[in-house]
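K.L.:
Build the 3D model from these lines:
(4 chains)
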Number of protein chains: 2
Amino acid sequence: MQARRYHHGDLRAALLASAERVLRERGSGELSLRELAREAGVSHAAPSRHFKDKQALLDALAREGFDRMDAALRAAVAAAGESFADRLDALARAYVGFATGNAVLLDLMYTVKHDAAASAELAAASRRLGELAFSLLTDAQARGEIPAGPVEAIGLPVFSTLHGFADLAVNGTLTPADVTAGLGPVVAYMLRGCGG
Amino acid sequence: MQARRYHHGDLRAALLASAERVLRERGSGELSLRELAREAGVSHAAPSRHFKDKQALLDALAREGFDRMDAALRAAVAAAGESFADRLDALARAYVGFATGNAVLLDLMYTVKHDAAASAELAAASRRLGELAFSLLTDAQARGEIPAGPVEAIGLPVFSTLHGFADLAVNGTLTPADVTAGLGPVVAYMLRGCGG
DNA sequence: ACATCATTGTTGTCGCTGCCTACATTGGCA
DNA sequence: TGCCAATGTAGGCAGCGACAACAATGATGT
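P.N.:
Numbering: from 1, shown residues only, chains lettered A, B, ... in the order given. All right, here's what the predicted structure looks like:
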């Protein structure tokens, strides 16, 4: 621990880190800016210098979540085998893995927005994830593993399946056992849907 | 308007109706029990007789949402043609239609739960929706429209695709144009995934 | 070296909220 | 008809988000 100084040093990052822990432990409804301030050892009004209001902090958390998820998915695909089936399988497992490991965060990332500006930015981040699936598919088409054709006709469906399965896993519809048992069939189904 | 009486008559229903309107207009974060009480013309503590806390009201709203969605989907399937393709198409359109028409409610229905009891009940309601897809698939198998086989291997993937597409439509990832353009290809992809 | 000043923090306050407890009214049922 | 469970009221408390006015700090240009 450091002696208390007037300036915190990196309050913004400290708030985000605390917020994510609270989120994980108690859910986004229980999050209080004043509590985060207390934890960081600053006054109750200090957070407002970094986040104009509570929603701004949640939005920042969501954006950070998209960044981390994007990195995790890319890493998983890069580490996978060369074949389309292997790469799609790796992508699906990484998506579901990140989702179940960061349930509340995923909820936050994909929640309905009520602010137009934040909405646009987060929608773009989400679409970037979708594009990862699209690139897998165009590669597979180029390698002749699946039939050629407009990639939009399979990219969006595949992304929907990935996201839908992960969301069902996260929100409690599926038990952990359902998830492990279901992943294989889901991947097989996606492959059939792509015509592979 | 009725003269103010000591007993409201059906405060519970009035609160739920008000709550749904607020939800739709301003989102679930802006919902205040005291405001609902004011609107219903009762004291600020009256709602607690019907909902032990705010979360209980939100849970009730979510349960009601599942009931309405279930009815809407069943009606849509019943009104569709006989063929599997027609019925799956009708189901998909009804799912996405309900979702986009009740965005915040859908968010609430599928949010991550932090209370075990409510979680179990809502998870069951969600699974009931999934079973609608399952029954379509077993019928199609019986009619020979898709290959026989364990229905779990395609039921969960199909439900995931439906739900995922609807969620992407609702949370802003997809524009309304994306949604209309994407629905047809999504249905075609599901049919291929089922081996039809 | 040093004055300047945007940045980042503090204190104080306001109205609102959820929730609790104690009390009041009501209407249905024995 | 009188009693009691259900339903509503009144008051109060602590916590919250947001705002305004003020204070410390440290980077920058000269």
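K.L.:
Would you mind listing what in chain A touches DNA strand D?
P.N.:
When proximity is defined by Cβ under 7 Å from any atom of the strand, chain A lies next to DNA strand D at A:5-7, A:31-35, A:44-45, A:48, A:52-55. In this view, the C-beta of every residue, glycine as well, is placed from N, C-alpha and C.
K.L.:
Mind doing that once more with 10 Å?
P.N.:
Chain A comes close to DNA strand D at residues A:4-9, A:30-38, A:43-49, A:51-57, as judged by Cβ under 10 Å from any atom of the strand.
K.L.:
Just the element for the residue in chain A that chain B sits nearest to, please.
P.N.:
Across chain A, no residue is closer to chain B than A:Gly164, which sits at 2.4 Å (Cβ to the nearest Cβ). Using DSSP states H and E, the element containing A:Gly164 is helix A:152-170.
K.L.:
Compute the mean per-residue pLDDT across that helix, please.
P.N.:
Helix A:152-170 shows an average pLDDT of 98 in the prediction.
K.L.:
Which residue ranges of chain A form helices?
P.N.:
For chain A, applying DSSP state H gives helices covering A:11-26, A:33-40, A:54-79, A:84-101, A:103-109, A:116-142, A:152-170, A:176-193.
K.L.:
Does the shortest one reach chain B?
P.N.:
Just to be clear, that refers to helix A:103-109. Yes - for helix A:103-109, a contact with chain B is found by Cβ under 8 Å from any Cβ of the partner chain, at A:Ala103, A:Val104, A:Leu106, A:Asp107.
K.L.:
And stretch A:135-154, by the same measure?
P.N.:
Yes - Stretch A:135-154 is in contact with chain B by Cβ under 8 Å from any Cβ, via A:Glu152, A:Ala153, A:Ile154.
K.L.:
before we move on, back to that, switch the helices of chain A over to TSV; also include distance to B:Gly195.
P.N.:
Below are the helices of chain A laid out as TSV (distance: least, Cβ to Cβ, whole Å):
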stretch	distance to B:Gly195
helix A:11-26	40
helix A:33-40	52
helix A:54-79	27
helix A:84-101	17
helix A:103-109	31
helix A:116-142	20
helix A:152-170	15
helix A:176-193	6
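K.L.:
Just send the ones you listed back as TSV, with distance to B:Val179 and mean neighbour count too.
P.N.:
Below are the helices of chain A laid out as TSV (distance: least, Cβ to Cβ, whole Å; neighbours: other Cβ atoms under 10 Å in any protein chain shown):
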stretch	distance to B:Val179	mean neighbour count
helix A:11-26	30	17
helix A:33-40	36	17
helix A:54-79	21	17
helix A:84-101	21	20
helix A:103-109	20	22
helix A:116-142	13	17
helix A:152-170	10	25
helix A:176-193	19	18
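K.L.:
would you list those in JSON lines and tack on distance to DNA strand C?
P.N.:
Below are these laid out as JSON lines (distance: least, Cβ to the nearest atom of the strand, whole Å):
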{"stretch": "helix A:11-26", "distance to DNA strand C": "4"}
{"stretch": "helix A:33-40", "distance to DNA strand C": "7"}
{"stretch": "helix A:54-79", "distance to DNA strand C": "12"}
{"stretch": "helix A:84-101", "distance to DNA strand C": "28"}
{"stretch": "helix A:103-109", "distance to DNA strand C": "19"}
{"stretch": "helix A:116-142", "distance to DNA strand C": "20"}
{"stretch": "helix A:152-170", "distance to DNA strand C": "24"}
{"stretch": "helix A:176-193", "distance to DNA strand C": "29"}
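K.L.:
Low-confidence stretches in chain A?
P.N.:
A:1-4 (pLDDT under 70).
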